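**Student:** Quick one, what's the 3D model for this:
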Amino acid sequence: MEFSKELSQNMEYLQEKLDVNTNFDIVYRVIHAGGRDICLYFIDGFTKDEVWLRILQSFFTIKQGDYPEDPHQFSKEYLPYGEVGLVYTSQEMISQLLMGVSCLFVDGYDCCFTLDCRTYPARSVSEPDKDKVLRGSRDGFVETLIFNTALIRRRIRDPKLTMEIVTAGESSHTDIAICYMKERVDENLLDQVKKRIQTVEVDALTMNQESLAECIYPHKWYNPFPKFKFSERPDTAAASILEGNIVILVDTSPSAMILPSSVFDIIEEADDYYFPPITGTYLRLSRMIISLLTLFLTPLWLLFMQNPEIIPSWLEFIQLSDTAYVPLIYQLLILEFAIDGLRLAAVNTPSMLTTPLSVIAGIVMGEYSVKSGWFNSETMLYMAFVTIANYSQSSFEMSYAFKFSRILILIFTALFNFWGFFLGSAICICAIVFNRTIAGKSYIYPLIPFHFSELKKRFFRNRLPHKQKS
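**Tutor:** Alright, predicted model coming up:
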């Protein structure tokens, strides 16, 4: 519906459409200035009151006959604010209003003046709990989109940095920012991503970026290895943009979605670059080795326990010291699920009870469970290592991908012994090798296809590139 020049008609339509009398947070205010009525609509809690106070004061300087015929001229003379726009349809106006933009109607103009003087409830940009670093900046993304884009702009002061805004969700109309560097980004991938976002048919992005990721790239559910990298650190997002990647920010989400991402991109962390090259290389290689150990340690130990004759003499100490009353495969699987149960309990436990829960869990899962005969001490030891080592991986998605792969290898090893171990390992390797990034490239590039110089950069942290003055 297009607006009328009669303010009363516009107000009557909006009163019914917005149900203003029922919704207490949709506020409207009518004032009389210069012989005409002016009506302001805004959402309570989304508007800077001091801005509107000054604008309303300027209206009382208008005299009868001062209103120009052109609404653009009116906005220039009597709306002393930076972000002012004009909309001519009710659908666009209502969408803007529900996003927090203030809307102004003036009798005699068939349009709506929009003033973006929004303010959102927001927490401080403190360091995220998950993506912590030993050295480096201590700020992190928050739930307010404009704050997140500002954190990236602060780090990249280049006019080639582009941030496009789109919306998705028929009911939520969630703001989505697509950030990239011109002349560095893959234009084909960028066009593909924008087209997929614009054609998303979803009622609301209830789970923020995960909902968006599943909508724009509905990958095969049985492959657990992630195709996106998520980070709550603005420095990581800025570095990814400078490398030619695309960063997607979703309103109300305190993390950035980085694409395309390979397995090496997801394993990387900010600490690799906040230390000298030799230290960064050590941290990176340690993380890769530990990730492989979390995948193969318990299946290999189970294989040795099922075939004690193949254990070399220098590894005889890994054999069970006590009788196993419960088959080892059951012990390992029970512990895999029990550890996730404790993790979920820790997330939902009030902070004041976290320490008592940890003590009780340590006693029950440690000494008492071994004495009762349910578990052997060796099983507890190796699962404890795997559990702690999982936290060396910053990506939740990647750590759970390794967990699912480990459980698969354990089950195949218990069922088919040697052949089962090799079959389970082959399935997991194929899940990585034949996986593709969202750009359609190899998930393990530069390993396949092989590129030595790029592969060396993935394993060894070189000096940061710099330009010399001519």
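**Student:** Could you list the low-pLDDT ranges of the protein?
**Tutor:** 218-220, 352-366, 463-470 (pLDDT under 70).
**Student:** Now residue 28: which helix or strand?
**Tutor:** Per DSSP states H and E: residue 28 is located in strand 26-33.
**Student:** what helices or strands is that strand leaning on?
**Tutor:** Strand 26-33 sits against helix 7-18, strand 36-43, helix 49-59, with contacts defined as 3 or more Cβ pairs under 8 Å, 6 or more residues apart in numbering; DSSP states H and E. Bear in mind the C-beta positions are built from the backbone N, C-alpha and C, glycine included.
**Student:** between these, which gets nearest to residue 213?
**Tutor:** Taking Cβ to Cβ, strand 36-43 is the member of the helices and strands packed on strand 26-33 nearest to residue 213, at 29.1 Å.
**Student:** Sheet partners, orientation included, of that closest one?
**Tutor:** Strand pairing for strand 36-43, determined by DSSP bridges: strand 26-33 (antiparallel), strand 102-106 (antiparallel).
**Student:** can I get the CA coordinates of the shortest one in CSV?
**Tutor:** Listed next in CSV are the C-alpha coordinates belonging to strand 102-106 (Å, rounded to 0.1, in the frame of the first residue of the first chain):
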residue,chain,number,x,y,z
SER,A,102,12.0,5.7,13.8
CYS,A,103,9.3,6.7,11.3
LEU,A,104,7.9,10.2,10.9
PHE,A,105,4.7,11.3,9.0
VAL,A,106,3.9,14.9,8.0
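**Student:** now it against helix 7-18, angle please.
**Tutor:** 150 degrees (axes from the mean of the first three to the mean of the last three Cα atoms, to 10 degrees).
**Student:** Now do the buried residues in strand 102-106.
**Tutor:** Across strand 102-106, burial judged by 16 or more other Cβ atoms under 10 Å covers 102, 103, 104, 105, 106.
**Student:** May I see those arranged in CSV, with distance to residue 311 as well?
**Tutor:** Putting these into CSV (distance: Cβ to Cβ, whole Å) gives the following:
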residue, distance to residue 311
102, 74
103, 76
104, 80
105, 83
106, 87
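**Student:** Mind checking the helices and strands packed on strand 26-33 for the one nearest to residue 403?
**Tutor:** Using Cβ to Cβ, the nearest of the helices and strands packed on strand 26-33 to residue 403 is strand 36-43, at 43.6 Å.
**Student:** What is the end-to-end distance of stretch 259-270?
**Tutor:** Length of stretch 259-270, first residue to last, Cα to Cα, to the nearest Å: 17 Å.
**Student:** Centre of the chain to it, how far?
**Tutor:** 14 Å (Cα atoms, centre = their mean, to the nearest Å).
**Student:** residues making contact with that stretch?
**Tutor:** 131, 133, 136, 186, 189, 193, 225-229, 233, 235-236, 245-246, 248, 258, 283-284, 287-288, 291, 393-395, 397-398, 432, 437-439, 441-445, 458 (Cβ atoms under 8 Å, 6 or more residues apart in numbering).
**Student:** Would you convert the strands paired with strand 36-43 into JSON lines that also reports distance to residue 58?
**Tutor:** Formatted as JSON lines, these follow (distance: least, Cβ to Cβ, whole Å):
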{"stretch": "strand 26-33", "distance to residue 58": "9"}
{"stretch": "strand 102-106", "distance to residue 58": "12"}
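**Student:** And those: which comes nearest residue 415?
**Tutor:** Once these are compared by Cβ to Cβ, strand 26-33 is nearest, at 62.2 Å.
**Student:** what angle sits between that closest one and helix 49-59?
**Tutor:** 20 degrees.
**Student:** Can I get strand 26-33 in CSV, CA atoms only?
**Tutor:** The C-alpha coordinates for strand 26-33 follow below in CSV (Å, rounded to 0.1, in the frame of the first residue of the first chain):
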residue,chain,number,x,y,z
ILE,A,26,5.0,0.6,19.7
VAL,A,27,4.7,4.2,20.6
TYR,A,28,3.3,7.1,18.5
ARG,A,29,3.3,10.8,19.2
VAL,A,30,1.4,13.5,17.4
ILE,A,31,2.4,17.2,17.6
HIS,A,32,1.2,20.3,15.8
ALA,A,33,3.8,22.5,14.2
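**Student:** And the contacts of it?
**Tutor:** So strand 26-33 is in contact with 11, 14, 18-20, 37-44, 56, 59-60, 62, 97, going by Cβ under 8 Å, 6+ apart.
**Student:** Pull the number of nearby residues for the closest residue to residue 15 other than its chain neighbours.
**Tutor:** Excluding the flanking residues, the one nearest residue 15 by Cβ to Cβ, 6 or more residues apart in numbering is residue 21, at 7.3 Å. Neighbour count of residue 21, defined by other Cβ atoms under 10 Å: 9.
**Student:** which SS class is residue 21?
**Tutor:** coil (DSSP: H, G, I helix; E, B strand; the rest coil).
**Student:** ok, now how distant is residue 50 from residue 392?
**Tutor:** 48 Å (Cβ to Cβ, to the nearest Å).
**Student:** who's more crowded, the two?
**Tutor:** Per other Cβ under 10 Å, whichever of residue 50 and residue 392 has more neighbours is residue 392, with 18 against 9.
**Student:** Double-check that the more buried one belongs to a helix.
**Tutor:** No - assessed with three-state DSSP, residue 392 is coil; it does not lie in a helix.
**Student:** how about the nearest residue to it, chain neighbours excluded?
**Tutor:** residue 290 (4.9 Å).
**Student:** What ranges does the stretch 151-300 of the chain have for its helices?
**Tutor:** Here the stretch 151-300 of the chain has its helices, by DSSP state H, counting those that start in this stretch, at 187-198, 209-216, 234-242, 263-267, 277-306.
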